[in-house]
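Colleague: model the structure of this input:
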Amino acid sequence: MELRIEHTWDGLPVSHDPVTIALKSYEAGLLVQVSAPFFNDPPAPLGAPGKPFRNLWDYEVVEAFFLSGGSEQYLEVELCPHGQHLLLLLSGRRRVWKEELPLEFDVTRTESTWKGSARLPWNYFPPGVNKFNAFAIHGSGERRRYEALYPVPRHKLQEGQKPDFHRLDFFQELNLKQLMGEDWKQPESDIWKTQTN
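Modeller: Numbers count the residues shown, from 1 in each chain. Model (predicted):
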């Protein structure tokens, strides 16, 4: 399954080659592969590549959100072209209850593009994932750009509205059985069993 981020968060066409995100199955979970332009703006975070980095959304990043629509529980995955990552588990809109989980994440980069590959174990996914959205952020100051796979529809924009990637109402259906096979059932998560509202 390959998805292309072709619009800004508010529905305008992007002005560069779109970021692509491929979702694929692997033995223990979901493989997320990113192919994107490399802007190198802002500069790299100071954290070590391969490690979680707090507030990664302040840098150049591609994000994937996996939502259980009925419960508003979701997994937020942030991937940086410099090799850092951030995983957040949220129960309710913007309500983080677990963060900085470890991740197998590899990056290759040229002067103008980057590719990332992240292996997400099923243990990180909330029960009943059925919705998805993805985002890309780059640039500094006035040049900061926010892009969305499923943007806010133009007719729903309000004056003065700012980018908000936690608008769960604009996420779209994700049928993991298309990737995993019709008989597949999402494995239970020991991590999510420990979550209490």
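Colleague: so what pLDDT did residue 30 get?
Modeller: Per-residue confidence (pLDDT) for residue 30: 95.
Colleague: ok, and the closest non-adjacent residue to it?
Modeller: Of all residues not flanking residue 30 in the chain, residue 120 sits nearest, at 4.8 Å (CB to CB, 6 or more residues apart in numbering). In this view, the C-beta of every residue, glycine as well, is placed from N, C-alpha and C.
Colleague: report the beta-bridge partner residues of the residue nearest to the spatial centre of the chain.
Modeller: Central residue of the chain (CA atoms, centre = their mean): residue 64, 1.5 Å from the mean position. Going by DSSP bridges, residue 64 is paired in beta bridges with residue 77, residue 134.
Colleague: before we move on, what about residue 33?
Modeller: Counting by DSSP bridges, residue 33 forms beta bridges with residue 22, residue 117.
Colleague: skip the chain neighbours and tell me the closest residue to residue 157.
Modeller: Nearest to residue 157 is residue 10, by CB to CB, 6+ apart, at 5.7 Å.
Colleague: the one you found against residue 154, yeah?
Modeller: Yes: if you go by CB atoms under 8 Å, residue 10 and residue 154 touch, sitting 7.2 Å apart.
Colleague: next one: stretch 153-160 to chain centre, how far?
Modeller: In terms of CA atoms, centre = their mean, to the nearest Å, the centre of stretch 153-160 is set 23 Å apart from its chain centre.
Colleague: how close does residue 131 sit to residue 22?
Modeller: Residue 131 is 18 Å from residue 22, where distance means CB to CB, to the nearest Å.
Colleague: thanks again, I'm all set now.
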